[in-house]
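Q: need a structure here:
(chains A and B)
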Amino acid sequence: MKKWSMLLSAVMVFMLIVAGCGNNNNAGGNSGSGSSGDKVELSFSIWGDKEFWEESLKTFESNHPNIKVKLNFMADSYEDKLFTMISGGNAPDVMTMYETTTPDVAKKGVVEDLTPYIEKDNSFDISDFYDVSLELSKIDNKIYGLGYALAPQMLFYNKTMFDKANVAYPTGDWTWDDYLEAAKKLTVKEGDKIVQYGSDSNTNWWIPAEIAVRQNGGDFFKDEKANFDSPEVIEALQFWADITNKHKVAPTLAEMSGQGDLFPSGLVAMTRNGVWLKDTYKDIKDFEWDIAPLPKQKQASTVLHTSYFTMSSKSKHKEEAWELIKWLSGPEVQEGIDSKAGFLPTRKSVSDKEVYDTKMPASTHLIGDTADYGRLLPYAPGVKQATDELQKELEQIFTGKVTAEQAMKAFQAKAQSVIEKNK
Amino acid sequence: MKQNNLAGYLFISPWIIGFLFFTGAPVLYTFAISGFQWDLMSTPTFIGLDNYVKMFKDPLFYQSVKVTLIYTLTSVPLQVIVAMLAAMLLNKELKAMKLFRTLIYLPSIMSGVAVAMIWSWMYNPKFGLVNDVLGWFGIAGPEWLFDEKFSLAALVLMSLWSIGGPMVIFLAGLQDIPDYMYEAAHLDGASKFRLFWHVTLPMLSPTVLFNSVMGLILSFQVFTQAYVMTGGGPSDSTLFLVLYIFLNGFKYFDMGYASTLSVVLFLMVFVLTVLQFKLSKRFVHYDR
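A: This is a model prediction of the structure:
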């Protein structure tokens, strides 16, 4: 008898687990139209400001009573999760895509060509979008995605430090030399120790280097090919390495480690960084600060970050998905999120309204000008791998272990082989 | 008897099923994918052993194996020794011993990322605690994580901080050693060192084996520290194999190659573990 009761309880444990799994599966299933009757259910994936997108989807649903949208919010590891869903055949109908990933997914047929939807929809005007905003979503004249914001890299400066050192504030006319001169005046020594640097070095990221190269009339990647050994590239990298190593007006990579951002801590007078940092810096109480265009060299330039709303080519409800993309990239959403975050809208009509939040620093309007001279991130097959490798080279250059010329001449072939491998 | 076995199997069935579905199947799947080129987006294409050929030509693969092996061969023995010494200290009968035990164990319950963040700050060449302390003795500390000669050593040192897990197991092992053995040895006039060498160490040897095997497996899987603190740099001096797998799989979306590297990692750990068990037959003393 004892044996039987033991067997029975074991069976029950087993059943319980199986039943548990079964229930989960039922709850997890979200394919098909479900029980919502005639309603079409779309899924939409994004990261960022969860509250904003929830609100915005509610408005969309009330304008489109036949469509219900399931928000698939993924705060971190966005791309890993999204690609896992895509490979499992569960791609969301509308996916927000990193800009440099968009050409890859377009070429591989993961996302739908939106051009036919754009052309037949009279209520949609593509010419309202800045051309630059479509730089990475337009392939062979077909548009695969629409963005909602452009986030430029700008120059942030500590006004209080400038006033103290009696240095004129940066303007759009500044060249690199003006920047260097100002940085020298803003570097403060106490004895042998430097207590305040004129410039941040921003060397732990390849994007400020990319911008410097562009300002010098060059490109890391040109026509999807590696272009690292050109004189424009070498010259630009050497200049910014010298800021740290020769002129000693910017901290070394080692000095920056574990310190977080040096700008809000009041250790550097100027930093070149993404405009979204305004949101962090607005809490600074110890000093006044503002933004300015980045200093130029042969030309003014910057990087504009963006992302695209794309439609899954496997979507069962493409018409409705288009409606959603139209809404998400529409004026109402852009006005809402861009004014809150201080981004540049992708639509000229919204940008013209200058909807920025007044709590932002005085020169926020300068963000708008970046649409005239900024460009999106570079793209080439395998660009992520190539820029990871580039990052290692930059470390060597910016720590002064090698010259820009030595590093880049050697790196050119390596970068090109990464591109070839990923074609 | 048979019925009893059935009950046993049923009781462990949740675990067995879990293992088959969530560990066994993915492992087999990994073996399979390593024969394909797959970017998660398009349909996988079968390329036979191309990924393995690519691997043998890939300098970063050799670098990552080298980094992982150096780390394992230095950190595991050190961890075992430090954990054993700590356990022996904590095995004394003192009033506040529970407090000390808790303090030494505490780092082990902290999340890996938090620990990594704390240590990046401690290793800051200019403002970090480590170089501050070295400065008291007039030593100008290195640039730790930013110097390719010290970055891996820094991670090895850091691994000695979270030895709570093996320490507790050693402690249990120590308390398992019957007092009469010490008494007998003591009566024979054994010195403290002889007590340790002829009683403690042989009696602890199964625990040493267990901790070494676990340490070995864990050190082959080092990821968080490298990912958070160094990103594999400088100059790939902390490019651990698992970090390299992660980059290939989830950054460059080259699943086939990432799987190939995982298969090799699996084989390496497997071989080393078997070797460890074989060798240990000579050194490990089992009481029962």
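Q: make sure residue A:169 is actually in contact with residue A:162.
A: Yes - at 5.8 Å, residue A:169 counts as touching residue A:162 under the criterion of C-beta atoms under 8 Å. C-beta: built from backbone N, CA, C; applies to glycine.
Q: tell me, how many residues neighbour residue B:279?
A: Around residue B:279 there are 11 other residues, counting by other C-beta atoms under 10 Å in any protein chain shown.
Q: please identify the buried residues of the host helix or strand of it?
A: In this structure, residue B:279 sits in helix B:255-280 according to DSSP states H and E. Of the residues in helix B:255-280, those with enough neighbours to count as buried (16 or more other C-beta atoms under 10 Å in any protein chain shown) are B:255-265, B:268-269, B:272, B:280.
Q: can you give me the pLDDT of the residue nearest to residue B:246 when sequence neighbours are not counted?
A: Spatial nearest neighbour of residue B:246, excluding adjacent residues (C-beta to C-beta, 6 or more residues apart in numbering or on different chains): residue B:223 at 6.6 Å. Per-residue confidence at residue B:223 stands at 91 (pLDDT).
Q: if I pick residue B:223, what's in contact with it?
A: For residue B:223, the contacting residues are B:240, B:242-243, B:246, by C-beta atoms under 8 Å, 6 or more residues apart in numbering or on different chains.
Q: repeat the analysis, applying 10 Å as the threshold.
A: Shown here is residue B:223, whose contacts under the criterion C-beta atoms under 10 Å, 6 or more residues apart in numbering or on different chains are B:112, B:240-243, B:245-246.
Q: quick one: those residues as TSV, columns for secondary structure, distance to residue A:149 and pLDDT too.
A: TSV is the format used below for those (DSSP: H, G, I helix; E, B strand; the rest coil; distance: C-beta to C-beta, whole Å; pLDDT from 0 to 100):
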residue	secondary structure	distance to residue A:149	pLDDT
B:112	helix	34	83
B:240	coil	37	94
B:241	helix	39	95
B:242	helix	35	94
B:243	helix	32	94
B:245	helix	34	95
B:246	helix	29	93
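Q: now, of these, which are buried?
A: B:240-243, B:245-246.
Q: distance check, the spatially most central residue of chain A against residue A:53.
A: Relative to the mean C-alpha position of chain A, the nearest C-alpha, by C-alpha atoms, centre = their mean, is the one of residue A:305, at 4.4 Å. Separation of residue A:305 from residue A:53 (C-beta to C-beta, to the nearest Å): 18 Å.
Q: before we move on, what about residue B:210?
A: Going from residue B:210 to residue A:53 by C-beta to C-beta gives 50 Å.
Q: higher neighbour count, these two?
A: Neighbours around residue B:210 and residue A:53, counted as other C-beta under 10 Å, are more numerous at residue A:53. The numbers are 21 against 16.
Q: show me where pLDDT drops low in the stretch 51-200 of chain B?
A: Low-confidence segments of the stretch 51-200 of chain B, defined by pLDDT under 70, are absent.
Q: sorry, back to before: isn't the residue nearest to the centre of chain A up against residue A:276?
A: Yes - contact criterion C-beta atoms under 10 Å: residue A:305 and residue A:276 qualify, at 8.4 Å.
Q: need the overlap of contacts for those two.
A: Listed contacts common to residue A:305 and residue A:276 are A:149, A:151-152, A:343; contacts here mean C-beta under 10 Å, 6+ apart.
Q: more neighbours, residue A:169 and residue A:162?
A: Shown here are residue A:169 and residue A:162; by other C-beta under 10 Å, residue A:162 has more neighbours (22 against 13).
Q: I figured the more buried one hits residue A:269, correct?
A: Yes - in this structure, residue A:162 is within contact of residue A:269 by C-beta under 10 Å, at 6.9 Å.
Q: what do the two both touch?
A: Counting by C-beta under 10 Å, 6+ apart, the contacts common to residue A:162 and residue A:269 are A:182, A:185-186, A:287, A:289.
Q: among those residues, which are in strands?
A: Counting by DSSP state E, the members of the shared contacts of residue A:162 and residue A:269 that fall within strands are residue A:289.
Q: turn the shared contacts of residue A:162 and residue A:269 into TSV, including pLDDT.
A: Compiled in TSV, these are given as follows (pLDDT from 0 to 100):
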residue	pLDDT
A:182	96
A:185	95
A:186	95
A:287	94
A:289	93
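Q: among the shared contacts of residue A:162 and residue A:269, which ones are in helices?
A: Secondary structure assignment (DSSP state H) places A:182, A:185-186 from those within helices.
Q: quick check: residue A:414 vs chain B, distance?
A: 10 Å (C-beta to the nearest C-beta, to the nearest Å).
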